[in-house]
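Kindly generate the corresponding structure for this input.
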Amino acid sequence: MNVDDFDFELPEALIAQTPLADRTASRLLTLSRQTGAVEHHRFTELASMLHKGDTLVLNDTRVLPARLVGVKADTGARAELLLLKQLNGDRWETLAKPGKRLKVGAEIAFGDDGEGRPLLTATVVSEGEMGGREVEFHYTGIFQELLDRLGDMPLPPYIKERLDDRERYQTVYAKHEGSAAAPTAGLHFTQDFLEQLRRKGVDIAYVTLHVGLGTFRPMSVERIEEHTMHSEYYEMNEQTAALLQATRERGGRIVAVGTTSARTLETAASRLLNGQVQACSGWTDIFIYPGYEFKLVDALLTNFHLPKSTLVMLVSALTGRTAVMNAYQEAIEKEYRFFSFGDAMFIY
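Next up is the predicted model:
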């Protein structure tokens, strides 16, 4: 299957640059897995589409202020690091700009302690592909506190506007720090709306998947079968595993909020023991594209994704490429807002 099969033309004006004032105020396109029928709603109408006995699965990862802008220690030239994954101690996998000028041994300085010394420095210890750099940080104090002070939210490159409130790129239930990007389908929820769903009898479960390198890199192959996903850390605890098993046994639906939750659930599905959902954790590089048969996910709430991305391929695996491409075309015609701060889509 060709990557170009998942391409589409998107007017730049439809790329949402800022979040809505009210998280739940977005539009919601629904797509039936059985019939391919498309309907148009408001996000809050999701409450009528979820039923007592369903379980909504949310990714509770929290985004690090992972974008660091500093200067090369020897030349004073601007340099930028995007933290992707903590490797060991103070060593991190990063994306560097400009990568060509940051060779092994290069040192980058961040901040100023008031006496002309940097608050934080990074030394490049190895080079990877497409700007990838492994760096080791040096500092005095607590790294997380320095990161909160010096770092910015790593907004995707298609967002040009400045984000005034950092928390608008976090879900309201974000808990475990470690992501390089937000699980954006979850940005539509408020605590009040989640409580409304609970009162209706919808269970809420949490998994963790720290979004990493794959989010920022385009596919470089022509056939999707040749693509390899970068691994990301995930966790599913015993409480969630038990709740998912109970949902299956009572005939309820498991509804993934976002592609990250879906990938976590399907990773856990590969670790079923005697047909039972088990707590698990580790690294996953699962790549879901058409032809894949979902084992735990029954329905998916997601945003609208980039052309030719692994995310639009995952969505297409759930309901078919033609149905998704048709739904996307209708969304474009009706001027839905796309990508991270955009509108939502419910596939059921």
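
and the longest strand along the chain, which strands flank it?
In the chain, assigned by DSSP state E, the strand with the most residues is strand 78-88. According to DSSP bridges, strand 78-88 has the following sheet partners: strand 67-72 (antiparallel), strand 91-97 (antiparallel).

gap between the shortest one and the chain center?
I take that to be strand 67-72. Strand 67-72 sits 24 Å away from the centroid of its parent chain (Cα atoms, centre = their mean, to the nearest Å).

Kindly report the same for the last one.
For strand 91-97, the gap between its own C-alpha mean and the chain's C-alpha mean amounts to 18 Å (Cα atoms, centre = their mean).

pLDDT on it, on average?
Averaging pLDDT along strand 91-97 gives 94.

Quick check: what element follows it along the chain?
Read in the C-terminal direction, the helix or strand following strand 91-97 is strand 107-110, with elements assigned using DSSP states H and E.

Walk me through which strands that following strand pairs with, and which way each runs.
Paired strands of strand 107-110, defined by DSSP bridges, are strand 67-72 (antiparallel), strand 120-127 (antiparallel).

what residues does that strand touch?
Identification of contacts with strand 107-110 by Cβ atoms under 8 Å, 6 or more residues apart in numbering yields 68-74, 79, 81, 102, 118-124, 135, 150. No exception for glycine: its C-beta is placed from N, CA and C like everyone else's.

likewise stretch 286-294?
Identification of contacts with stretch 286-294 by Cβ under 8 Å, 6+ apart yields 1, 224, 227-229, 262-263, 266-267, 269-270, 310, 313-314, 316-318, 320-321.

Next: stretch 40-48.
Contact partners of stretch 40-48, identified using Cβ under 8 Å, 6+ apart, comprise 24-30, 188, 193, 196-197, 200, 301, 334, 343-344, 346.

next one: stretch 328-335
Stretch 328-335 is touched from outside by 8-11, 14, 29, 38, 40, 304, 312, 338, 343, 345, with contacts defined as Cβ under 8 Å, 6+ apart.

please redo it, this time with the cut-off set to 6 Å
8, 29, 38 (Cβ atoms under 6 Å, 6 or more residues apart in numbering).

dump the residue contacts of residue 7.
For residue 7, the contacting residues are 307, 308, taking Cβ under 6 Å, 6+ apart as the criterion.

how much space is there between it and residue 159?
With distances taken as Cβ to Cβ, to the nearest Å, residue 7 is found 21 Å from residue 159.

what comes into contact with the longest strand of the chain?
Contacting residues not belonging to strand 78-88 are listed as 66-70, 72, 92-97, 108, 154, 180, 212-213 [Cβ under 6 Å, 6+ apart].

what about the protein, any weak spots by pLDDT?
Residue ranges of the chain with pLDDT under 70: 213, 215-217.

and it, what are its domains?
Domains of the chain are assigned by automatic domain parsing as 3-63+165-347, 67-150.

coming back round to it: any idea how far the longest strand of the chain is from the chain center?
With Cα atoms, centre = their mean as the basis, the distance from the averaged C-alpha position of strand 78-88 to the chain average is 17 Å.

And stretch 270-280, by the same measure?
Put simply, stretch 270-280 sits 24 Å off its chain's centre (Cα atoms, centre = their mean).

again, but for stretch 168-179
Its chain's average C-alpha position is 11 Å from that of stretch 168-179, according to Cα atoms, centre = their mean.

Can you measure across that stretch, start residue to end residue?
With Cα to Cα, to the nearest Å as the measure, the ends of stretch 168-179 fall 15 Å from one another.

buried set for that stretch?
Taking 16 or more other Cβ atoms under 10 Å as the neighbour-count basis, stretch 168-179 is seen to contain the buried residues 168, 169, 170, 171, 172, 173, 174, 178, 179.

Check stretch 30-45 too.
Neighbour-count burial for stretch 30-45 flags 30, 31, 33, 38, 43, 44 (criterion: 16+ other Cβ under 10 Å).

Quote the end-to-end distance of it.
10 Å.

cool, and stretch 208-223?
The distance separating the two terminal residues of stretch 208-223, taken as Cα to Cα, comes to 30 Å.

what does that stretch contact?
Counting by Cβ under 6 Å, 6+ apart, 3, 59-61, 84-85, 176, 178-181, 227, 229-230, 232-235, 260, 264 sit against stretch 208-223.
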